[in-house]
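Novice: I'd like to go over a predicted model; first the sequence, then the structure.
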Amino acid sequence: MSGPAWHARIECGNEVGAGFLVAARRVLTCAHVVRQSGTAEVTVSFPHRRELGALPATVEVRGSWAGGAADPGDLAVLELDREVPLAPAVFAPPGTEHTSPTPVLVAYGFPVGYDEGTLARYQAVSRTRIAGEWVELEAVTGHGQPLAAGFSGAALALDDGRVVGMVSAIAGERDVRVGRMLPTQVMTRYWPDLQSLVTASRRAVAERARLHELVERAARRGLKHDPVRLYNGAAGPYDPPVPQEGFDSLEAAARFVLDELDVQHSTDTVARFADQLEARLGAGEAQPRTDWSSILFEFGRSGAGDGEVCVEVSAFSDGRRHPVASDTVPQSRLRTYVHDRLQTAILHLAPGADELIAFSLPRDWLDWPVDTWPSGPENDTPLGCVHPLVVTDHARRVPTVRHALTQAWGRLATRTGSRMEPVSCDGRLSPRQLQLRLWDPDSCCAGFATTPRTARTRDHFACSVTTPAPVIAWSRSGCGPGDTAEEGPCPGADGCTGTAFLDRCGDWIAQVPPSELPRHVRELRRAAYATDAPGGHWARDIQLLWDDPRWFTDSLAAAIHSRSPVA
């Protein structure tokens, strides 16, 4: 605790509280600290980095707190008006505050007279939560700093700096040294994106992710189940009995297993519960053959100028996200930057893992030939020939689209081939007709004879992105003159290179499992790279938009900026 710069001071109207940085632009605090945000400005400062000044912030997420001292959901997520160059807080596994011997928890707050901040040392009283919401806290000694006004929203951290919860209430009487904490398990109820930030063992993360996925599959299939029997079959000798009210759904039983058991010892119970549920689902829903470890490059426009690009880099492996870098890069240096950060990101992947490189791009950048960028400063082999490489659209980051894509990939998991809906450059198929086809459960892919930047099929492409189609394929060379100008006649079926691409691509994609498409596209790119024949290979400029949320485990985009469209 000697110097984490992520501790924050929050001011809103006449309210002063604490908070802590959890991502480059996101700070957690209590909802009551920013209760006046509708009429007063919210500012955030970092006492360890005073040169950053007071940063304006907006309330992005507000829990269910209704204004009363005992109301639940006293949590708020603040979005800063710009990134801060600080390492965010790191979370301990849920329940660590209850390990033996009981650890000391340190809070950094701003009571009256301590604008620079001061420390308070507390311990958790019991595993029993008050009203299922709060962990009771008690001062380590009777002589230290009490939890006074100005500590609300402060992180409660172990001696090594890892966070276990947040101060949400202070003693109501003078010299009473007790308080209340929202533990991380409860905080995630009100901000689910926090879940991916909470550190846990690799096996625990993987088993919890597996159970989440199985529950979603069971819901999609309408599986008949007895959640009480499932829990009793999974519970260990020291796990609690079924609550008196029972479980009204499979989701409720899974939530009890994931949130209410002793996290330090519940991984085996989670695994047994998942095993039973998987057995009930049967072998009819085989899992994808490829268990990808993914590296995501997110590009966005920068306010620093037209030639500047905001770049976020993350690695996803074993159910965890590893932030790698967040920078503003001149467009002229993007290729070198990607190569350098790729070397760092790969170190976070499990040895021998099947890596997937994904570029998340704004809509009008989706045609960028990122697969042709050289693999390194001394290696001009195209990046797409070395790694499976795909693109996706920033517009897909919204939760409704993520949910729809997850449902779609659940249906596609056992497919041995993909049905492509072709969009030719003659304009005979309307966007609504295309959308109707893509809603068909047997549909997987939209294929385009022209590139996304053309006026002739721009609306069709937007429809494919937002419907959403799990896979979209096109050739960057398109059908010729009409692709480089906003308008232009198509040479017709006999001379249209876009139509020829669609014919070949449709036949090829029908033979490839959807989950294997990135690897097979890499093989196509290798064949095209090695072809010297006149006219080249039919797939020489193929672009693949492939979007499977299962391999980007920040399911609600809890990335550095919480804006990953693949995650």
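Specialist: Thanks, I have the structure now.

Novice: can we go C-alpha only for contacts and neighbour counts from here?
Specialist: Will do.

Novice: where do the helices of the chain begin and end?
Specialist: Using DSSP state H, the helices of the chain run over 184-190, 202-221, 227-234, 250-259, 267-281, 334-346, 383-386, 399-412, 431-438, 458-466, 481-484, 497-509, 517-530.

Novice: switch the ones you listed over to a markdown table; also include mean pLDDT and mean neighbour count.
Specialist: Shown next, in a markdown table, are the helices of the chain (pLDDT from 0 to 100; neighbours: other Cα atoms under 10 Å):
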| stretch | mean pLDDT | mean neighbour count |
| --- | --- | --- |
| helix 184-190 | 92 | 20 |
| helix 202-221 | 76 | 17 |
| helix 227-234 | 82 | 18 |
| helix 250-259 | 85 | 19 |
| helix 267-281 | 82 | 19 |
| helix 334-346 | 92 | 17 |
| helix 383-386 | 94 | 21 |
| helix 399-412 | 85 | 18 |
| helix 431-438 | 89 | 16 |
| helix 458-466 | 89 | 19 |
| helix 481-484 | 44 | 18 |
| helix 497-509 | 87 | 20 |
| helix 517-530 | 92 | 19 |
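
Novice: just put those helices in CSV and tack on distance to Ala70.
Specialist: Shown next, in CSV, are these (distance: least, Cα to Cα, whole Å):
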stretch, distance to Ala70
helix 184-190, 15
helix 202-221, 31
helix 227-234, 31
helix 250-259, 21
helix 267-281, 32
helix 334-346, 44
helix 383-386, 56
helix 399-412, 30
helix 431-438, 48
helix 458-466, 42
helix 481-484, 62
helix 497-509, 57
helix 517-530, 51
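
Novice: tell me which of those helices sits nearest to Asn14.
Specialist: Asn14 lies closest to helix 184-190 among the helices of the chain, at 25.3 Å (Cα to Cα).

Novice: Leu156 and Arg180 touch, don't they?
Specialist: No. Counting by Cα atoms under 8 Å, Arg180 is not a contact partner of Leu156; they are 10.5 Å apart.

Novice: the more surrounded of those two?
Specialist: Leu156 (27 against 24; other Cα atoms under 10 Å).

Novice: contacting residues around the residue nearest to the more buried one when sequence neighbours are not counted?
Specialist: The spatially closest residue to Leu156, leaving aside those adjacent along the chain, is Ala107, at 4.9 Å (Cα to Cα, 6 or more residues apart in numbering). Neighbouring residues of Ala107 by Cα atoms under 8 Å, 6 or more residues apart in numbering: 119-122, 151, 154-157, 167.

Novice: of the helices of the chain, which is nearest Ala315?
Specialist: helix 334-346 (5.7 Å).

Novice: need the contact partners of the closest one.
Specialist: Against helix 334-346 from outside (Cα under 8 Å, 6+ apart): 295, 297, 313-315, 324-325, 329, 373-377.

Novice: roughly how far apart are Trp134 and Arg9?
Specialist: Taking Cα to Cα, to the nearest Å as the measure, Trp134 falls 23 Å from Arg9.

Novice: I meant to write Arg301 there.
Specialist: 30 Å.

Novice: follow-up on the earlier one: who has more neighbours out of Trp134 and Arg9?
Specialist: Between Trp134 and Arg9, counted using other Cα under 10 Å, the more crowded position is Arg9 (27 against 23).

Novice: give the contact list for the spatially closest residue to Leu349 that is not a sequence neighbour.
Specialist: Of all residues not flanking Leu349 in the chain, Ser317 sits nearest, at 5.5 Å (Cα to Cα, 6+ apart). If a contact means Cα under 8 Å, 6+ apart, then Ser317 has 293-294, 348-350 as its contacts.

Novice: wait, Ala154 touches Val16, no?
Specialist: No. Ala154 is not in contact with Val16 according to Cα under 8 Å; the separation is 11.3 Å.

Novice: those two - which one has more neighbours?
Specialist: Neighbour comparison, Ala154 and Val16: the larger count goes to Ala154, with 28 against 22 (by other Cα under 10 Å).

Novice: can you pull the pLDDT of that one?
Specialist: Listed pLDDT for Ala154 reads 96.

Novice: same question, Leu119
Specialist: 93.

Novice: for the one 5 residues further on, same thing?
Specialist: On the pLDDT scale, Ala124 is placed at 93.

Novice: partners of it in the sheet?
Specialist: Ala124 has the following beta-bridge partners by DSSP bridges: Leu137.

Novice: please report the distance of Gln435 from Ser317.
Specialist: According to Cα to Cα, Gln435 stands 34 Å off from Ser317.

Novice: Cys12 and Val42 touch, don't they?
Specialist: Yes. Counting by Cα under 8 Å, Val42 is a contact partner of Cys12 at 4.6 Å.

Novice: now the common contact residues for the two.
Specialist: Contacts common to Cys12 and Val42, judged by Cα under 8 Å, 6+ apart, are Val34.

Novice: who's more crowded, those two?
Specialist: Val42 (24 against 21).

Novice: am I right that that one is in contact with Pro56?
Specialist: Yes. Contact criterion Cα under 8 Å: Val42 and Pro56 qualify, at 5.9 Å.

Novice: can you tell me which of the contacts of Ser317 are buried?
Specialist: The neighbour-count test (16 or more other Cα atoms under 10 Å) marks 293-294, 348-349 as buried among these.

Novice: quick check: neighbours shared by Leu156 and Arg180?
Specialist: What both Leu156 and Arg180 touch, as defined by Cα under 8 Å, 6+ apart, is the set Val167.

Novice: roughly how far is stretch 137-153 from the heart of the chain?
Specialist: For stretch 137-153, the separation from the chain centroid amounts to 35 Å (computed by Cα atoms, centre = their mean, to the nearest Å).
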